[in-house]
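[1] Provided below for reference: sequence and predicted model.
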Amino acid sequence: MASVFQKCKTDEKNGNYPCVKNRCGHPWTVRYREPGGRGGRQREKSFDSRREAADYGIKVENDKRERAYLDPDLGKVLVRDYADDWLPRRAVKDTTRANYARFIELHLSPHLGGKTLASVTSRDIEAMCMALIEQGLSRRTVYHTLMAPLRSLFRSAVAEKRIPESPVALAVIPKIKTKRLDEKSLPDGKAVRAIADKIRPGWAISIWLMAGCGLRIGEVLAVRKSDFDSGVLRLRRQFVRVKRADGYRAELAPLKAREEGDWRDVPVPSSVWSAVERHVECHGVGHDGYLLHAHHGGEVLDSNYRTEFKAAVKKAGYGDEPWTAHTLRHFFASSAIAGGVSLLEVSRWLGHATIQITADIYGHLTPDAGGRLRSVMDQVLAGASVVGADGEDRAGSVLVRGTE
């Protein structure tokens with residue numbers, strides 16, 4: 001059991017020994033053993049009052065019984081040092097690891113790196129978020145993207161019993177709602193064709209695959225002709241840009257939000273398949289059979305593709321539009337939904353993690369939902385004929401009762 005005493009009255013080596021006053025005001029010490037019985041390490045902690053020392057002693061003994069005891073030394077590690085040890089132990093994709101490393105270097109270490117894990121509070125997390133926003137980062141980036149590694153890091157610290165609870169979980173982090181798509185800001189079919197005409201000839205197939213099948217940039221860069229079968233494109237991989245010692249490289253990775261080996265099928269319109277056949281006939285395939293390839297046959301970096309796409313938009317006469325390659329994915333989804341394809345199917349073909357994501361972005365585009373609602377309510381409010389159990393026609397009975 002923990003013991004509580006004053007060293008000024010019991011320890012001859014104490015500078016205040018021997019103290020004869022009952023209420024001397026000298027510190028009170030609680031002495032206890034860590035879990036492990038007599039083999040547990042003995043520790044001491046001082047407090048200004050006997051009550052504080054006694055309460056702490058009770059807490060320590062309760063924590064030991066409930067196996068919730070935390071070694072104080074484990075929480076004394078600096079955040080930057082813990083992050084350096086934590087990151088290599090994460091079982092994540094190379095791109096995720098690179099993003100986490102960049103977050104630690106650019107944001108975590110400058111703001112919290114010099115504090116110990118145990119000393120970080122929810123207030124520190126909130127202050128860090130506001131500081132990043134003031135530096136120019138968007139609220140979505142701060143409260144959505146950057147929270148992932150921060151939350152994971154402190155969750156690990158809790159699991160390792162370095163800290164009792166995560167300051168991130170206690171911080172007030174506003175939820176960022178998914179932004180609805182403004183369909184009026186999208187290109188039409190004519191603009192899509194114009195962009196395909198102006199982009200590098202060997203890369204025009206990418207425009208048709210993104211606009212006609214809803215592919216992401218990394219996915220379209222990794223498409224092979226052998227991935228097509230009977231009007232269906234089976235996506236198994238994507239190219240991601242990874243920084244290596246010799247510069248940035250395009251490397252294969254699992255599909256977004258998917259594990260290695262996962263895949264998804266996307267229907268291929270006949271016009272897109274015709275474009276694929278023309279592409280192979282005119283431009284061939286690159287190394288390992290990829291449809292899109294650099295002049296030397298190697299893989300295409302997404303950054304190079306984005307630059308080429310932006311130039312094509314300008315050449316096509318739409319330089320004032322804020323269109324990116326990802327806009328074509330929105331074009332695919334909005335066109336499919338406007339044409340009556342269900343949200344569930346569109347969500348599956350887009351590869352969204354949940355249908356809720358699809359509904360939040362595109363749900364308002366359901367064809368003529370407002371018109372159907374107006375038709376239903378007009379019939380009800382106009383008193384559509386309702387035949388009662390006695391066979392009598394009670395047309396307009398709803399309104400009559402509502403006005404009595």
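    Here it is on my side, so go on. If you're wondering where the values come from, they're calculated on a predicted model, not measured in any experiment. Numbering: from 1, shown residues only.

[2] where do the helices sit along the stretch 51-200 of the chain?
    With helices called from DSSP state H, counting those that start in this stretch, the stretch 51-200 of the chain shows them at 79-86, 94-103, 109-112, 122-134, 139-140, 147-159, 167-170, 189-198.

[3] how about the stretch 301-404 of the chain?
    302-315, 327-338, 343-350, 355-362, 369-381, 397-403.

[4] and the ones you listed: which comes nearest E259?
    When those are compared by C-beta to C-beta, helix 343-350 sits nearest E259, at 16.8 Å. Just so you know, the C-beta spots here come from the backbone N, C-alpha and C atoms, and that holds for glycine as well.

[5] how about residues contacting the closest one?
    213-214, 264-267, 329, 332-333, 336-337, 354-355, 357-359, 362-363, 366 (C-beta atoms under 8 Å, 6 or more residues apart in numbering).

[6] Provide a list of residues in contact with the nearest residue to E321 once chain neighbours are set aside.
    Nearest residue to E321, sequence neighbours excluded (C-beta to C-beta, 6 or more residues apart in numbering): V313, at 6.6 Å. Each residue near V313 by C-beta under 8 Å, 6+ apart is listed here: 195, 198, 319, 321, 323.

[7] now with 7 Å, please.
    With contact taken as C-beta atoms under 7 Å, 6 or more residues apart in numbering, V313 is in contact with 195, 319, 321, 323.

[8] and it, how far from D197?
    12 Å (C-beta to C-beta, to the nearest Å).

[9] quick one on the thing from earlier: just the ones in strands from the contacts of V313, please.
    Judged by DSSP state E, strands contain none of the contacts of V313.

[10] among these, which one has the most neighbours?
    Counting by other C-beta atoms under 10 Å, I195 has the largest number of neighbours within the contacts of V313, with 25 neighbours.

[11] does that residue really touch A316, like I thought?
    Yes: A contact is recorded between I195 and A316 when judged using C-beta atoms under 7 Å, the distance being 5.0 Å.

[12] narrow the contacts of helix 343-350 to just the buried residues.
    Among these, those that count as buried by neighbour count (16 or more other C-beta atoms under 10 Å) are 213-214, 266, 329, 332-333, 336-337, 355, 358-359, 362.

[13] spatially speaking, which residue is in the middle of the protein?
    With the centre of the chain defined as its mean C-alpha position, the nearest residue by C-alpha atoms, centre = their mean is T145, 5.3 Å away.

[14] can you report phi and psi for E34?
    Here is the backbone geometry of E34 (degrees, to the nearest 10): phi -70, psi 170.

[15] check contacts around it.
    Applying C-beta under 7 Å, 6+ apart to E34 gives the contacts 40-41, 43, 69, 71.

[16] how about those residues in TSV, adding neighbour count?
    Compiled in TSV, these are given as follows (neighbours: other C-beta atoms under 10 Å):
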residue	neighbour count
G40	13
R41	11
R43	15
Y69	18
D71	14
